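Q: kindly generate the corresponding structure for this input.
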Amino acid sequence: MNHNGVNSLNFSPETGKLILTTGDGGSAYDPFNLSQDIMEIAGKIIEIDVNNNTFINNPPIVTRFDELPATVQRNLSVMAKGVRNIPGISFQRYYDQYIKYLGNVGQNLIESIFSFTDYVPIPVTEITQKRGANEKDFINLGWRGWEGDFPTPIIKPCPTNSSLDEKTIAYFQEAVDTAAKRILPLTCYYHDDSRSDKFSGTALTGVQAYMGTSIPDLRGAIVFIDFARRDLSPARGVLAYTKVRTVCKQNDYSIINTNYNFGSQPAFYTSLGTNSTQTRLYLGVYSSPNVTNFNQG
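A: Have a look, this model is predicted:
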């Protein structure tokens, strides 16, 4: 499946369950709105209870939850929907709870970082047996009606001046219907941004909390990376951060300038990780935008 959450699998330190993230299937603008359809596997964050030893020979290839064997359904819950393409999910311990951070890669214009603490997972058996589910207080990232903090736009380029590109709302009624159901982004950044202290990005590729003391000003921040800044040659990824929202408005973000010398080689930022205590950050860099060009790290 394209837009597959960077093949993301990791265990939740909160529940012990395995977390699978799936993308919306890969077609532009999610034409069948799979990410909002609770019966579809695409465009979801799914919890898997691995304590139950369910083994099936030759499991079926499926796209919907109701096509799964009943023994598999019983081990699954849906944690969130409205995903387009997600570079994994990370967890930050905060007293007796965990804050979850995740990103949604945009279609053409907006990259988004989300956070939430409490959530109400929906068992897949409830979805399949009731042919739907009660989605009250359910986590919804808003795609396809919303791309980050804007209703999803279709862009009509101006051939002589890109600043005059037309942006038309793609799914107005869906944006209206989802407006009060979605969670708001912690912060967003854009593919076209001329502000002097910002950047024009391409794709969000990692989100992590930093709790170390080596960089005091960064302690408690949410660090994220973009694959490649649009206005640099050779290509360079971007490292940036935001802080946890303390008031009822979207956070701003700041760029982190690094002094590492990549020379004349491109440097695409492909992954961001931490140690178990989130006191160290690890940045994955590749010199090719093509994953089939091996040994380019």
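
Q: where do the domain boundaries of the protein fall?
A: Per the record's domain assignment (automatic domain parsing), the chain is made up of the domains 1-185, 196-297.

Q: run a quick neighbour tally on the closest residue to Ala228 other than its chain neighbours.
A: In space, not counting the residues next to it along the chain, Ala228 is nearest to Ala235; the distance is 4.5 Å by CB to CB, 6 or more residues apart in numbering. No exception for glycine: its C-beta is placed from N, CA and C like everyone else's. Number of residues near Ala235 (other CB atoms under 10 Å) recorded here: 19.

Q: dump the residue contacts of Ala235.
A: Ala235 is in contact with 228-229, 266-268, 289, counting by CB atoms under 8 Å, 6 or more residues apart in numbering.

Q: could you redo the last one with a cut-off of 10 Å?
A: By CB atoms under 10 Å, 6 or more residues apart in numbering, the residues touching Ala235 are 202, 227-229, 262, 265-269, 287-289.

Q: quick one on the thing from earlier: just the domains of the chain: most buried one?
A: Looking across the domains of the chain with neighbours counted as mean count of other CB atoms under 10 Å, the highest average goes to domain 1-185: a mean of 17.

Q: format the domains of the chain as CSV; extra columns: mean pLDDT.
A: Shown next, in CSV, are the domains of the chain (pLDDT from 0 to 100):
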stretch, mean pLDDT
domain 1-185, 92
domain 196-297, 92
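
Q: what about the strands in the stretch 1-150 of the chain?
A: 9-11, 18-21, 44-48, 76-81, 89-94, 97-104, 110-116, 122-123, 139-140, 146-147, 150-151 (DSSP state E, counting those that start in this stretch).

Q: using TSV, lay out the ones you listed together with distance to Ile256.
A: Formatted as TSV, the strands of the stretch 1-150 of the chain follow (distance: least, CB to CB, whole Å):
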stretch	distance to Ile256
strand 9-11	24
strand 18-21	25
strand 44-48	27
strand 76-81	28
strand 89-94	17
strand 97-104	16
strand 110-116	14
strand 122-123	37
strand 139-140	28
strand 146-147	25
strand 150-151	25
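
Q: how about these, which one is nearest Ala179?
A: When the strands of the stretch 1-150 of the chain are compared for distance to Ala179 using CB to CB, the nearest one is strand 146-147, at 7.8 Å.

Q: quick one: strands adjacent to the closest one?
A: When pairs are called by DSSP bridges, strand 146-147 turns out to pair with strand 150-151 (antiparallel).

Q: which outside residues touch the strand it pairs with?
A: Under the contact criterion CB under 10 Å, 6+ apart, strand 150-151 has outside partners 106, 109-110, 112, 142, 145, 167-172, 174-176, 178-179, 188, 190.

Q: 8 Å instead?
A: Outside strand 150-151, the residues that touch it by CB under 8 Å, 6+ apart are 109-110, 145, 169-172, 175.

Q: now, which of those residues sits nearest Val50?
A: Sorting the contacts of strand 150-151 by how near they are to Val50, with CB to CB, puts Gly145 at the top with 33.4 Å.

Q: between the contacts of Ala235, which sits nearest Tyr253?
A: Checking the contacts of Ala235 against Tyr253 by CB to CB gives Arg229 as the nearest, at 13.8 Å.

Q: which ones are touching that closest one?
A: Applying CB under 8 Å, 6+ apart, the residues near Arg229 are 199-202, 235-238.

Q: could you do Ile19 as well?
A: By CB under 8 Å, 6+ apart, the residues touching Ile19 are 8-12, 45-48, 79, 89.

Q: re earlier: Asp149: which of the contacts of Arg229 is nearest?
A: Nearest to Asp149 out of those is Gly201 (CB to CB; 14.5 Å).

Q: what's the closest non-adjacent residue to the closest one?
A: Going by CB to CB, 6+ apart, Gly201 has Asp226 as its nearest residue, at 4.0 Å.

Q: was I right about that neighbour contacting Tyr269?
A: Yes - using CB atoms under 8 Å, Asp226 and Tyr269 qualify as a contacting pair, with a distance of 6.5 Å.
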